[in-house]
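J.: Structure, please.
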Amino acid sequence: MNKELELWKGVLSDGTKKSKLEKYIKGWEEKIGSFLEIDLNRGAYDSNESGALAGIPFGVKDNIAVKGFKLTCGSKMLQTLVSPYSATVVSRLQQAGAQVIGKTNLDEFGMGSSTDNSALQQTNNPWDTERVAGGSSGGSAACVAAGLVPFALGTDTGGSVRQPASFCGIYGLKPTYGAASRYGLTAYASSLETPGILARTVATTKDVFDIIKGEDERDQSSLSYEAEGGQVKTIGYLKIEEGALNADVEASYKSSIKRLEDLEYTLVEVELPTMDYVVPAYYTIAMAEASANLARFNGIRYGYAPFMAENPNELMKKSRHEGFGDEVKLRILLGTYVLRSGFQDQFYVRSQKIRTAIRNDFEKLFTKVDSLVMPIFPTAAFHHGSSDLDSFQQKVADKYTCVANLAGLPALTIPSSVENGLPVGVQLMAPYFGEDRLFEIAVKAEEKYPAPQPEDFDLEWLS
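T.: This is a model prediction of the structure:
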């Protein structure tokens with residue numbers, strides 16, 4: 001176990017430290033609203049008291065099932081649902097002794113880049129509470145950045161772990177697709193999404209990943225983990241068109257490239273010919289899968305039901321109209337459209353062909369370089385309701401992150417720099433099961449350039 005987790009070990013079984021943690025959380029939560037539900041006692045019943053992580057608290061994004069906690073997905077549709085079981089990634093951490101203390105806020109059903117699409121509350125960035133924490137795993141990123149927990153689980157469908165990690169100045173891992181079980185994760189876009197980890201240090205990110213990774217008989221998309229070894233010598237950096245990034249992010253990106261060179265890696269500029277097609281292909285596939293996956297929420301078996309309906313059809317119509325937010329409705333409608341007879345070949349099938357071309361691009365690339373460094377988002381954390389970055393522009397800005405989901409590759413956010421008071425990160429990518437390559441680079445970078453901390457961050461109560 002690393003030094004950070006050693007410091008947190010037993011916090012929840014020590015009455016004095018537990019009280020201090022509760023007070024610390026309360027002070028921060030009044031400012032950032034990262035948790036939808038919090039209870040420092042409830043999760044103890046399912047955690048192994050003798051495990052290596054005994055008494056260590058962690059948060060879980062509220063689209064991942066935790067027995068006894070709600071599973072709202074940030075939506076009015078599921079606002080009262082209490083999960084009867086726990087996701088595999090949660091259970092494995094509990095078996096190691098870690099304890100869930102709450103469910104974190106998110107964009108409704110994971111659809112968004114700000115967490116402002118949550119139907120239940122607003123989450124603020126610990127660095128500047130007038131700005132977003134990123135999305136969709138904004139609650140998990142915010143609570144880790146503020147030091148409320150040493151790590152939290154999120155999900156990444158198109159950058160939903162890596163982008164908020166960048167906005168909040170922490171580490172965020174999207175594993176190889178299939179490396180971590182999706183059992184217990186509320187499905188949005190099944191072929192794209194994976195559980196992810198948000199943490200303050202590389203060591204904690206790696207330790208948590210080592211616990212949750214591996215095949216799960218309850219998830220047929222999970223795989224037996226076989227690490228792709230090999231020392232990293234050459235790192236490619238993506239060529240960026242002029243004006244694609246704002247000045248702060250561009251400066252941070254260039255700074256990261258220089259830092260990697262200073263760490264004695266060979267940096268090579270590379271291009272990905274299919275990058276221009278990433279966003280339309282990603283959103284076509286994601287919305288089509290969302291349309292199918294969210295069809296189960298109809299107000300009949302569970303979920304939001306209207307006060308009155310005269311027949312089952314009206315019940316279903318009212319339930320979905322009143323229970324879903326605007327962004328979710330938009331994605332369901334567009335997904336249904338691209339799956340219609342006559343349009344499926346034109347949109348969905350063509351997007352899958354582009355997806356194959358993207359994978360082929362990366363296979364060729366990783367014969368020349370051992371890893372790849374890329375930007376994450378064109379801007380740092382933006383203001384709530386910012387007119388500079390509307391909903392459509394936020395989707396276009398996912399270009400750099402959703403490419404990893406289309407290809408199924410591992411990617412890791414590492415903090416790069418602080419620009420005008422806001423953290424900015426970059427992401428490292430590697431071949432399938434190449435997480436160890438990402439950790440190798442990140443550890444070297446962290447030694448010289450540790451993650452920054454927001455104002456009022458204070459863990460002295462732990463000692």
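
J.: count of residues packed around residue 331?
T.: Here the number of neighbours of residue 331 (other CB atoms under 10 Å) works out to 25. In short, each C-beta sits where N, CA and C put it, glycine included.

J.: what does residue 26 give?
T.: 11.

J.: which residues are contacting the helix or strand hosting it?
T.: Element membership for residue 26 (DSSP states H and E) is helix 15-32. For helix 15-32, the surrounding residues in contact (CB atoms under 8 Å, 6 or more residues apart in numbering) are 10-12, 34-35, 38, 40, 57, 123-126, 129, 133, 142-143, 146-148, 456, 458, 461-462.

J.: tell me which residues in it are buried?
T.: 17-18, 21, 24-25, 28-29, 32 (16 or more other CB atoms under 10 Å).

J.: Tell me the one among those residues nearest to residue 413.
T.: Within the set of those, residue 32 lies nearest residue 413; the separation is 19.1 Å, counting by CB to CB.

J.: For that closest one, report the pLDDT, please.
T.: Residue 32 is assigned a pLDDT of 98 by the prediction.

J.: that older thread, in TSV, list the buried residues of helix 15-32 along with distance to residue 301.
T.: Shown next, in TSV, are these (distance: CB to CB, whole Å):
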residue	distance to residue 301
17	42
18	38
21	38
24	40
25	35
28	37
29	33
32	35
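
J.: any idea which residue of this protein is furthest from its center?
T.: Largest separation from the mean C-alpha position in the chain: residue 310, at 40.8 Å (CA atoms, centre = their mean).

J.: if I pick it, what's in contact with it?
T.: Residue 310 touches nothing, counting by CB under 8 Å, 6+ apart.

J.: Could you report the distance from it to residue 298?
T.: From residue 310 across to residue 298, the span is 16 Å (CB to CB, to the nearest Å).

J.: now residue 430
T.: 41 Å.

J.: Ok, residue 127 next?
T.: When residue 127 is compared with residue 298 (using CB to CB), they lie 40 Å apart.

J.: Which one's more surrounded, the two?
T.: residue 127 (25 against 19).

J.: Would you confirm that residue 425 contacts residue 416?
T.: Yes: between residue 425 and residue 416 there is a contact at 5.3 Å, judged by CB atoms under 8 Å.

J.: Can you check which residues contact both of these two?
T.: With CB under 8 Å, 6+ apart, residue 425 and residue 416 have common neighbours residue 252.

J.: Checking my notes, the residue farthest from the centre of the chain in a strand, right?
T.: No: judged by DSSP: H, G, I helix; E, B strand; the rest coil, residue 310 forms no part of a strand; its state is coil.

J.: What's the per-residue pLDDT of it here?
T.: Value for residue 310, per-residue pLDDT: 90.

J.: For it, give me phi and psi.
T.: For residue 310, the backbone dihedrals are phi -90, psi -20 (criterion: degrees, to the nearest 10).

J.: That one and residue 412, how far apart?
T.: Taken as CB to CB, the span from residue 310 to residue 412 is 53 Å.
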